[in-house]
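K.L.:
pasting the sequence and the predicted model now:
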Amino acid sequence: MFIINLAVADLLMCVTQTPTFFITSMHRRWIFGEKGMVLMGVWLYALAWSLPPFFGWSAYVPEGLLTSCSWDYMTFTPSVRAYTMLLFIFVFFIPLFIIIYCYIFIFRAIRSTNRAVSRVNGSCSSRDSSRGFHRLQTEWKTAKIALLVILLYVLSWSPYSG
């Protein structure tokens, strides 16, 4: 079984890392831009928090109907409790606070745009103002949908963090 896991890991490394390394080497610089660096940072952050159970800090164990694995949050040794608490803080709460912080600024921007559109309504033609108002309503609906998705995410993952 170890050989099969090693072969799969090698295959995944070849598929995911070799093209990136090859393209970057051909251009002699990082060509994926700032978004690529952010994506890479997120992946490395997730990897850093998912590897400790493989090295003895907590463990991965079957859960529920024994069809999936999760870290061992049921064992109450100091080591496992420390990992669970750090995981709770750095993988649940900090990203949640970042999301809330970003949404506060999104809602502030929408609210200030809404006020600007209402001020302009008096000085523009009704056609321009209705187009601006419709665009604002669309942006507001999009923000509400995104907030709903975040809230559903929090509700669905909160049992694991509690």
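P.N.:
Thanks, I have it. Numbering: from 1, shown residues only.
K.L.:
can you give me the strands for this protein?
P.N.:
60-63, 68-71 (DSSP state E).
K.L.:
of all the ones you listed, which lies closest to residue 92?
P.N.:
strand 68-71 (12.6 Å; Cβ to Cβ). For every residue, glycine as well, the C-beta is placed using N, CA and C.
K.L.:
quick check: neighbours of that closest one in the sheet, parallel or antiparallel?
P.N.:
strand 60-63 (antiparallel) (DSSP bridges).
K.L.:
residues contacting the partner strand, please?
P.N.:
53, 54, 68, 69, 70, 71, 72, 74 (Cβ atoms under 8 Å, 6 or more residues apart in numbering).
K.L.:
also stretch 9-26?
P.N.:
By Cβ under 8 Å, 6+ apart, the list of residues contacting stretch 9-26 reads 30, 31, 32.
K.L.:
one more: stretch 103-120?
P.N.:
With Cβ under 8 Å, 6+ apart as the criterion, stretch 103-120 contacts 129, 132, 133, 136, 139, 140, 143, 146, 147, 150.
K.L.:
same thing but 6 Å
P.N.:
Contact with stretch 103-120 is made by 132, 136, 139, 140, 143, as judged by Cβ atoms under 6 Å, 6 or more residues apart in numbering.
K.L.:
mind listing what the last one touches?
P.N.:
Right, the one you point to is residue 143. Residue 143 neighbours (Cβ under 6 Å, 6+ apart): 106, 110.
K.L.:
apply 10 Å and report the result again.
P.N.:
103, 106, 107, 109, 110 (Cβ atoms under 10 Å, 6 or more residues apart in numbering).
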